[in-house]
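Student: give me a 3D structure for the following:
(chains A and B)
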Amino acid sequence: MTEQEVIELIDSSLAEEFELDRVDMTPEANIYEELGLDSLDTVDMVIVLEGAFDFKIREEEAVRAIRTLGDIHRFVLEKVADQN
Amino acid sequence: MLSVTDCRRTAENDSGAGLIPVLMNLWCYSMLLLWTLFGILVFPFVFGLCLLFLRWPADRLVRWFIWLYGRGWLLLMSPFVRFHREQMGQIEVGKPYLFVVNHLSFFDTFCMALLPVHDVTFALRSWPFRMFWYSGFMRLARYLDVEGSSWEETLSNCRSAFSAGGTVLFFPEGHRSRDGQLQRFYSGGFKAAISTGVPLIPLCINGTDQLLPPGRKLLCPCQVRLRALAPIDTSVFSEEDGHIRLRKLVKGRMSEALEDMRSEGHSR
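Tutor: Coordinates of the predicted model:
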């Protein structure tokens, strides 16, 4: 998968799961303050990403540090690179 | 905060009596307080007696008491609020269901006493468990704290409720709507219905946003309607991401039904 394909899969999966408007989904968008996610969504977000990319990330400390959509992109891109 | 004038204006439109909102607030708040105090004081004795004679599991008994408390509240409110139950024949008593209902007001939970079933386990966020006068009852009733528990715990508690023939109720919006429109739906309830294989019944509530909207303190006379929609067989949503398809289907049906209820309300 190219970097752009990974980002597209992340964005489309999160948009579907959380009923997000793609227009608001910029890399700088804070997932809590701007995209309206909350503590209940964090678990679902991990499940969505695990399902989309077939990896396990629920135990990873780095997930807790995620604040923006760009953080998610970088985190997943690193995981995908590790897998390959 | 809602002014008495706003409330009076609504009441004048509805019934032509400006004093009604004032009387309503005096009556309802004082009776609600007395009814709650009465419930808290009497509960230990009646609970003990019922445990002894009915021999129901304690949590089921507490859920029954909570339903009765809700019924009492409906009765106390009834001089000022017209309650209507619609299409309740969709619900087969004694069968496990997962209910999802839209959320407009603090009093939505009380209105669930309009349901024909009393064994209802509420799935809630953590904050209602912090209301000290209710939290003990909620814990005894084994209500689900979906925010404070792991998903596995929530699912396991849903399974226990269903295997005992009970029902579980989720507010998929998670918060009260500020404008009466449906908000984003969380996936938890839909995933739970699919994982446990029970039918899902969407419920639509209308009118509690006029009774006590979020951020306001004064009650207004109004009409509250609770409508049950047709049960949905969740076994056909078992594919990956099936919960998203189910969630969209339910939201579409609820949105349509709420629109109908609002337009019927205006034409009455």
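
Student: and stretch B:157-175, how far apart are its ends?
Tutor: 22 Å (Cα to Cα, to the nearest Å).

Student: tell me the residues of the stretch 151-268 of chain B that contact chain A?
Tutor: Within the stretch 151-268 of chain B, the positions near chain A by Cβ under 8 Å from any Cβ of the partner chain are B:151, B:174, B:184-188, B:240-241, B:244. (C-beta placed from N, C-alpha, C; glycine too.)

Student: show me these that map onto helices.
Tutor: B:151, B:188, B:244 (DSSP state H).

Student: okay if I get these as JSON lines plus distance to B:Trp133, pLDDT and neighbour count?
Tutor: Formatted as JSON lines, those follow (distance: Cβ to Cβ, whole Å; pLDDT from 0 to 100; neighbours: other Cβ atoms under 10 Å in any protein chain shown):
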{"residue": "B:Trp151", "distance to B:Trp133": "29", "pLDDT": "87", "neighbour count": "16"}
{"residue": "B:Gly188", "distance to B:Trp133": "27", "pLDDT": "92", "neighbour count": "24"}
{"residue": "B:Ile244", "distance to B:Trp133": "38", "pLDDT": "92", "neighbour count": "19"}
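
Student: so which residue is smack in the middle of the chain?
Tutor: Chain wasn't specified; assuming chain A. Nearest residue to the geometric centre of chain A (Cα atoms, centre = their mean): A:Ile72, 4.2 Å.

Student: that's the wrong chain, I wanted chain B
Tutor: Compute the mean C-alpha point of chain B, and by Cα atoms, centre = their mean the closest residue is B:Thr109, 3.3 Å away.

Student: state the helix or strand in which that one lies.
Tutor: In the assignment (DSSP states H and E), B:Thr109 maps to helix B:108-111.

Student: now do the buried residues in the next helix or strand after that helix.
Tutor: For helix B:108-111, the following helix or strand on the C-terminal side (DSSP H and E) is strand B:120-124. Residues of strand B:120-124 classed as buried: B:120-124 (neighbour count, 16 or more other Cβ atoms under 10 Å in any protein chain shown).

Student: repeat for stretch B:119-139
Tutor: Under the neighbour-count criterion of 16+ other Cβ under 10 Å, stretch B:119-139 has B:119-125, B:129, B:134, B:137-138 buried.

Student: what does stretch A:36-51 give?
Tutor: A:37, A:40-41, A:44-49.

Student: stretch B:210-227 now?
Tutor: Quick answer for stretch B:210-227 (16+ other Cβ under 10 Å): B:210-213, B:216, B:218-222, B:224-227.

Student: what about it, start to end distance?
Tutor: Per Cα to Cα, stretch B:210-227 runs 17 Å from first to last residue.

Student: average pLDDT across that stretch?
Tutor: Summarised as a single mean, pLDDT over stretch B:210-227 is 87.

Student: go on, stretch A:47-58?
Tutor: The model assigns stretch A:47-58 a mean pLDDT of 89.

Student: what about it, near chain B?
Tutor: Yes. Under the criterion of Cβ under 8 Å from any Cβ, chain B is reached by stretch A:47-58 at A:Gly51.

Student: how many residues are close by the nearest residue to B:Val101 once chain neighbours are set aside?
Tutor: Spatially, and ignoring its direct neighbours in sequence, B:Val101 is nearest to B:Leu203 (4.0 Å; Cβ to Cβ, 6 or more residues apart in numbering or on different chains). For B:Leu203, the count of nearby residues is 25 (other Cβ atoms under 10 Å in any protein chain shown).

Student: which SS state does B:Leu203 fall under?
Tutor: Judged by DSSP: H, G, I helix; E, B strand; the rest coil, the three-state class of B:Leu203 is strand.

Student: quick check on whichever residue of chain A sits closest to chain B: phi, psi?
Tutor: Among the residues of chain A, A:Glu19 lies nearest to chain B; the distance is 4.6 Å by Cβ to the nearest Cβ. Backbone torsions for A:Glu19, taken as degrees, to the nearest 10, come to phi 50, psi 50.

Student: tell me who's in contact with the closest residue to it other than its chain neighbours.
Tutor: In space, and not counting its chain neighbours, A:Glu19 is closest to B:Arg184: 4.6 Å by Cβ to Cβ, 6+ apart. For B:Arg184, the contacting residues are A:18-19, A:36, B:173, by Cβ atoms under 8 Å, 6 or more residues apart in numbering or on different chains.
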